[in-house]
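Colleague: please work out how this folds:
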Amino acid sequence: MFHCEAHPVRTHDLLEVDAKQLITAHATIPKWAEEHLHEVPFVVVRRGPRTRHKIPIGVRGCERNQRWASFCSSGILINIVTPPQLLGHAVPAQRDSAIPALRALQLLKNRWIGLDHDWGPGGSVGFELATGKHTARAGSDLDIVLYAERRVPVDEAKWLYARAMDLPSLVDIRVETPVCGFSLREYARASPAAILLRTSSGVAFGSDPWCQELGIVDPGHTAARRL
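Modeller: So this is what the prediction gives:
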């Protein structure tokens, strides 16, 4: 099994798991999720409280309404696939021509070449690149995860956002700081006004996504439910 202590997981990472153990550990699990895990034993790390041995995860099915949120033990992990790692995965020519979001990713790689932040695809595109299962559709958006350990100046955010425009599909860029996640579009357009910040405890409104002290507005609502 994978040693999670040496490779801590982050929100949006894809985890290859022991499907049998994950299913057995839950008294109730949707039938579609059970069937999906047997076929494609991958889950996505969602935003939420976690410990060394308890990871918040989501299972995505073939249909948009098939989303199941739960937790899994780090002891059943086989491998971790991160969004930045997926940038090196080849896209079959037939999929590149059929799926605008996959084509948009190839173009964005050229536009963001040399970027000094880790980044990569999430959502259906990331899941397809990690598993080989055709989950991206003709109408899928391209979800991007941008990791920002250091503060991103507003001018840089505007440049990044502008470079992601006019692509074959819509691009949704989620910035992840050590504190929270937020929309690059909102930050680039609204700063210095407050924007929605998504944390493991809930959501907050603030103008500094790198501030360690965020006032949680609604602990019952987390962006993690958007798997």
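Colleague: for the residue nearest to P41 when sequence neighbours are not counted, what are its contacts?
Modeller: Spatial nearest neighbour of P41, chain neighbours left out: A19 (4.0 Å); criterion: CB to CB, 6 or more residues apart in numbering. Just so you know, the C-beta spots here come from the backbone N, C-alpha and C atoms, and that holds for glycine as well. Contacts for A19 were tallied using CB atoms under 8 Å, 6 or more residues apart in numbering; they are L37, H38, P41.
Colleague: give me phi/psi at A19?
Modeller: When read as degrees, to the nearest 10, the backbone of A19 gives phi -60, psi -40.
Colleague: how close does it sit to W32?
Modeller: 14 Å (CB to CB, to the nearest Å).
Colleague: and V179, by the same measure?
Modeller: Taking CB to CB, one finds V179 at 35 Å from W32.
Colleague: residues near L146, how many?
Modeller: A count of neighbours around L146, defined by other CB atoms under 10 Å, yields 23.
Colleague: now the helices for this protein?
Modeller: 19-24, 31-39, 83-86, 93-98, 100-111, 123-131, 154-163, 184-190 (DSSP state H).
Colleague: elements contacting the second one?
Modeller: The helices and strands touching helix 31-39, judged by 3 or more CB pairs under 8 Å, 6 or more residues apart in numbering; DSSP states H and E, are helix 19-24, strand 54-60.
Colleague: more neighbours: which of V179 and W32?
Modeller: The neighbour count for V179 versus W32, taken as other CB under 10 Å, is higher for V179 (18 against 15).
Colleague: so who does the more buried one touch?
Modeller: L197, T199, P209, W210, C211, Q212, L214.
Colleague: on the pLDDT front, check the spatially closest residue to E176 that is not a sequence neighbour for me.
Modeller: Excluding the flanking residues, the one nearest E176 by CB to CB, 6+ apart is Y147, at 5.2 Å. Listed pLDDT for Y147 reads 98.
Colleague: and stretch 91-101, what's buried?
Modeller: V91, I99, P100, A101 (16 or more other CB atoms under 10 Å).
Colleague: ah, wrong one, I meant stretch 32-47
Modeller: A33, E34, H36, L37, V40, P41, F42, V43, V44, V45, R46, R47.
Colleague: save the residues you listed as TSV, and put in distance to G75 and pLDDT too.
Modeller: As requested, the buried residues of stretch 32-47 are exported to TSV (distance: CB to CB, whole Å; pLDDT from 0 to 100):
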residue	distance to G75	pLDDT
A33	20	96
E34	20	96
H36	21	95
L37	16	96
V40	20	96
P41	15	97
F42	17	98
V43	14	98
V44	19	97
V45	15	97
R46	19	96
R47	22	94
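Colleague: would you mind putting these into JSON lines with distance to G120 alongside?
Modeller: Shown next, in JSON lines, are these (distance: CB to CB, whole Å):
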{"residue": "A33", "distance to G120": "25"}
{"residue": "E34", "distance to G120": "29"}
{"residue": "H36", "distance to G120": "23"}
{"residue": "L37", "distance to G120": "23"}
{"residue": "V40", "distance to G120": "19"}
{"residue": "P41", "distance to G120": "21"}
{"residue": "F42", "distance to G120": "15"}
{"residue": "V43", "distance to G120": "17"}
{"residue": "V44", "distance to G120": "13"}
{"residue": "V45", "distance to G120": "14"}
{"residue": "R46", "distance to G120": "17"}
{"residue": "R47", "distance to G120": "17"}
